[in-house]
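Novice: requesting a structural model of the entry that follows:
(chains A and B)
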Amino acid sequence: MAPALLATDDLQPLLDEVTRFSTTEMAPITQRPDLPASAEAISKLSQAAYDFGILPGDDQNPGFALWAQPEDANALAFSIGALKQLASVNAGIALAWHRNALACFLARSIGFRLNETQQAPLALTAIPTGHHGLARGSLARWLRRRVTDEDQSMLADWLDRNTCNTPLTAPPQWQNLIWPVWHEGVMSWQLVHRSEIAITPCRPQHGLDELGTWQVSAGPANGEIVGATQQQVSSMLVLDALGLLAIAAGTNQHGAAMAGEFASLRRQGGRVISQHAAVQTMLAKIQQARWEAEMVLSGLTRPLSRLSLKELMMARQQLHPRLCMAANLAMQVHGGIGYMQDCGPEKLLRDQNMLRFQSGGTREIPLFIHAWGEI
Amino acid sequence: MINRAMHLEGHLPADHRLAPHWQFAALPRIAQQITSYQRDDLWASDTRRLPAPLAQLRRRARTFAETYLAPLSAEADLAMHTVPGQHPPAITDMLKVAAREGWLSYFLPRPLGSMSWKRSLYPPVWQSSLVVEEFSRVCGGLMLLLSAHHLGCIPLLLSGDIKVIRRFLAPVYRSCHKGDPHLVAFAITEPGAGSDAEDGHGARDYKPGVVASRCQGGWKLNGRKCFISGGDMARTLTVFAALEGEGMESWTCFYVDAASPGFRVARNEMKMGMRASGAADLEFTEVFVPDSHVIGGLRKGWVLNRASLNTSRIPVASMAVGFARAATEQATTFACRYQLGGKALIHYQDVQQHIATMVAETRAIRSMVWQEARNAWKPRQLNASACKFHATNRAQIVVEMALDLLADQGGLQEQKIEKIFRDVRLTRIFEGTNQINQLSVIEDWQDQLLPLCSPSSAPIGV
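Specialist: Residues are numbered from 1 along each chain as shown, chains lettered A, B, ... in the order given. Purely as a prediction, here's the structure:
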């Protein structure tokens, strides 16, 4: 058994370093909510994150970068904590880094050999799911090896990258993509270069202003394709859901802090608004959502092999609406100013909504859970 | 053999012997008179149920919205933040058409306004609610651009002073009829007073930010107003200010010409949604207002403000109906066209349930709005506020359901629902936050509630 990558005692000091990094390096380029950081600034920041070790690099020596050692509970806790911290400063960049790290994890697990260019920060990204939703119950049954003919045909359509467009939300620098595809009747992985992908740029999307959205499709003759195992797909989806939840929780931390601070300063009705029960109730609900997210994430901080995708899906189903509600309340506490782009809560709400839509969204999760069966 | 094109999965085709639609045809004629399996479009059948003049108004509003507002909607939303006073020519042209067609003057009957005499039998709030729903459905920003003007005019109407109406409102409407849109803005909110400008309890302790000082022949206004919808395009404004040395109880409505020296539109806010309409920051520096431009009398501004809000809150609830309807229509269209697993999403039972819930929610809030609006000759605070906060809260839920249905596609601007979310979000904040509106219900109700605190009091009706 390999020794633990991270000692428990080292976890908090490392997270403190991430806090320092996000405060000194990330915050200055993201402080204006109405002015997204430029692609150039994000490139520089990502290089700094790569040098610092948050972003994975050399696949022979993954270190403590995001999702580098998911079988190590402390390393997993570090990834969750780091994404929370980064997202409390900027959710868009945190998502870009999460997907880059997830793609690197996948490449390592699958055996794709990445060249130096592909390992550059933000060069690689991942799309974890098909063109819409979660393939209803079919994905869950495939993962549980109970797939029917009907499921096969659903999955063939869901992962038909050739004729169906799939939305990709990523930083503009992305050059390579890993995604599950349906190839010759089996689920497979495809690593494909941007030049081999048919790309339709989309208009500015709802949130995560630092990133862009493209509709992408690619034929089976492009890039590399290897067969996928249930364990690989499940691991990817587990880590993706963990990342999304950590980012959503971090975004809520930011909203909670803003709402609390504003409520302690703004006066209405002859006193600061935090003294009004209407506002206290909203602040308490924001705190409660934060507590729920912390509880759930803390319960999910286990080695990857001990995490069930069903649990992660249930967590997404439970937490994303709660955290969106909290973001709405943070805006509501601010009143009119909270609706304005240069204030902050407006962007947090849009970002929180975007996280809810990622990776199939949440509406089909009950079908996924039912199809999964008992844990 | 059932053909998929003839029915949705889980349902029988209408000509199946077990389908109620088919069996309905076999019912006796009298039975057919008291049962229904019509397949009419829901909007069309609701419209037919309205009194004829209002049905005609609803159809006209929809046609105008689809002809003139819909083509500008996406562009207006994505346009760069504009400097106050600079507007795309297409929006100016649309305003001219709207003015000529009477959409800026329908709160009064002809010849002063554009309301037909047949429509004058019905409350203007009901008429406004019908129009606002149609406009919101295609574009929240352009709807607000056209609707904020009416709010600006309402204090002139509610002053109950015929001279005010003839001297100030009639020229506004006349100008509009000629195709020269004269917009009016309603200015109450101040940097230090959002809710305090809308709630008596809060106003009691608020130090007014815009103050009117006496001068020869009139008043001089000093201070700032913020978040004023349409304030950047208004030619005149109904501005609420306290008299110098007095509190909010001295609030007075002043009719201010935007060309007055000392008046300045400092900036337009960068809003999340409803971006086609400016939310302006207004500065008043020694702005002279003659005595003749005091609306409703000195120290009558507070009641005029509250009455204006009571009049506007039901139409705000109707905005929410328009957004919920737009989201439901977009999501339903998406479900019928988007293919997953070899068939359109609408064939899946859970999608059908999702859409049915959205339809029911939308129709429930419309029923509430129409119920209140049809009786709103004298809009009551309790009814207007309850309608506003409930409809806007529920509408946002409907829009979120639409986004959830689109899942990965939900954030795409091209799918139009994310814009509806950004638009509907404002309805929970402006015209009093929904929290303030909840308290307004109780404020208005307290004379009935206080006796109820005594055990011997008569029961209360809700």
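Novice: would you map the strands across the stretch 301-450 of chain B?
Specialist: Assigned by DSSP state E, counting those that start in this stretch, the strands in the stretch 301-450 of chain B fall at B:339-340, B:343-344.
Novice: chain neighbours aside, what residue packs nearest to A:L66?
Specialist: A:A101 (3.5 Å; C-beta to C-beta, 6 or more residues apart in numbering or on different chains). To be clear about C-beta, it is placed using only N, CA and C from the backbone, and glycine gets the same treatment.
Novice: okay, and the one you found sits in which element?
Specialist: Assessed by DSSP states H and E, A:A101 sits inside helix A:91-110.
Novice: check which helices and strands that helix sits against.
Specialist: helix A:39-52, helix A:73-87, strand A:124-126, strand A:166-170, strand A:176-183, strand A:186-193, helix A:230-265, helix A:345-357 (3 or more C-beta pairs under 8 Å, 6 or more residues apart in numbering or on different chains; DSSP states H and E).
Novice: tell me the phi and psi of the residue of the stretch 201-350 of chain A found nearest chain B?
Specialist: Closest to chain B within the stretch 201-350 of chain A is A:G270: 2.8 Å, counting by C-beta to the nearest C-beta. According to degrees, to the nearest 10, the main-chain angles of A:G270 amount to phi 80, psi 10.
Novice: ok, now which ones touch A:H320?
Specialist: A:H320 makes contact with A:244-245, A:248, A:352, A:355-356, A:362, according to C-beta atoms under 8 Å, 6 or more residues apart in numbering or on different chains.
Novice: my guess is B:D15 contacts B:F24. True?
Specialist: No: with contact defined as C-beta atoms under 8 Å, B:D15 and B:F24 do not form a contacting pair (11.6 Å).
Novice: with neighbour numbers in mind, choose between these two.
Specialist: Each of B:D15 and B:F24 has its neighbours counted (other C-beta atoms under 10 Å in any protein chain shown); B:F24 has more, 15 against 11.
Novice: look up the closest residue to that one, ignoring the ones flanking it.
Specialist: Spatially, and ignoring its direct neighbours in sequence, B:F24 is nearest to B:Y37 (4.3 Å; C-beta to C-beta, 6+ apart).
Novice: number of nearby residues for that neighbour?
Specialist: 14.
Novice: that one contacts B:A26, doesn't it?
Specialist: No: applying C-beta under 8 Å, one finds B:Y37 not in contact with B:A26, separated by 11.5 Å.
Novice: still on that earlier bit, highest neighbour count among the contacts of A:H320?
Specialist: A:A248 (32 neighbours).
Novice: how about the residue nearest to A:A123 when sequence neighbours are not counted, phi and psi?
Specialist: Here the nearest residue to A:A123 in space, its sequence neighbours aside, is A:Q175; by C-beta to C-beta, 6+ apart that works out to 4.6 Å. Torsion angles at A:Q175 (phi, psi; degrees, to the nearest 10) stand at phi -120, psi -20.
Novice: where does the prediction get shaky in chain B?
Specialist: Within chain B, the segments meeting pLDDT under 70 span B:1-5.
Novice: which residue is the nearest non-sequential neighbour of the residue in the stretch 1-150 of chain B positioned nearest to chain A?
Specialist: Closest contact between the stretch 1-150 of chain B and chain A, by C-beta to the nearest C-beta, is at B:L78 (6.7 Å). Excluding the flanking residues, the one nearest B:L78 by C-beta to C-beta, 6+ apart is A:R203, at 6.7 Å.
Novice: secondary structure class for that neighbour?
Specialist: Secondary structure assignment for A:R203 (DSSP: H, G, I helix; E, B strand; the rest coil): coil.
Novice: and if you look at the one 5 residues further on?
Specialist: Following three-state DSSP, we place A:L208 in the coil state.
Novice: ok, the one 5 residues further on next?
Specialist: Put simply, A:T213 is strand when judged by three-state DSSP.
Novice: B:A241 falls within a strand, correct?
Specialist: Yes: secondary structure assignment places B:A241 in a strand (three-state DSSP).
Novice: is it in a bridge, and if so with what?
Specialist: For B:A241, the beta-bridge partners under DSSP bridges are B:T252.
Novice: so where do the strands sit in the stretch 51-200 of chain B?
Specialist: Under DSSP E, counting those that start in this stretch, the stretch 51-200 of chain B gives strands at B:184-187.
Novice: contact distance from chain A - what residues of it qualify?
Specialist: Contacts of the stretch 51-200 of chain B with chain A, taken as C-beta under 8 Å from any C-beta of the partner chain, map to B:78, B:189, B:192-196, B:199.
Novice: the residue nearest to B:D77 when sequence neighbours are not counted: neighbour count?
Specialist: Using C-beta to C-beta, 6+ apart and skipping residues adjacent in sequence, the residue nearest B:D77 is B:R275, 5.1 Å away. For B:R275, the neighbour count with other C-beta under 10 Å is 26.
Novice: list the contacts for B:R275?
Specialist: Contact analysis of B:R275 by C-beta under 8 Å, 6+ apart lists B:76-77, B:79, B:141.
Novice: dump the helices and strands packed on helix A:91-110 to a markdown table, plus distance to chain B and mean pLDDT.
Specialist: Formatted as a markdown table, these follow (distance: least, C-beta to the nearest C-beta, whole Å; pLDDT from 0 to 100):
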| stretch | distance to chain B | mean pLDDT |
| --- | --- | --- |
| helix A:39-52 | 19 | 96 |
| helix A:73-87 | 17 | 97 |
| strand A:124-126 | 14 | 98 |
| strand A:166-170 | 5 | 97 |
| strand A:176-183 | 12 | 97 |
| strand A:186-193 | 15 | 97 |
| helix A:230-265 | 12 | 98 |
| helix A:345-357 | 4 | 98 |
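Novice: A:R267 reaches B:G194, doesn't it?
Specialist: No: if you go by C-beta under 8 Å, A:R267 and B:G194 don't touch, sitting 10.7 Å apart.
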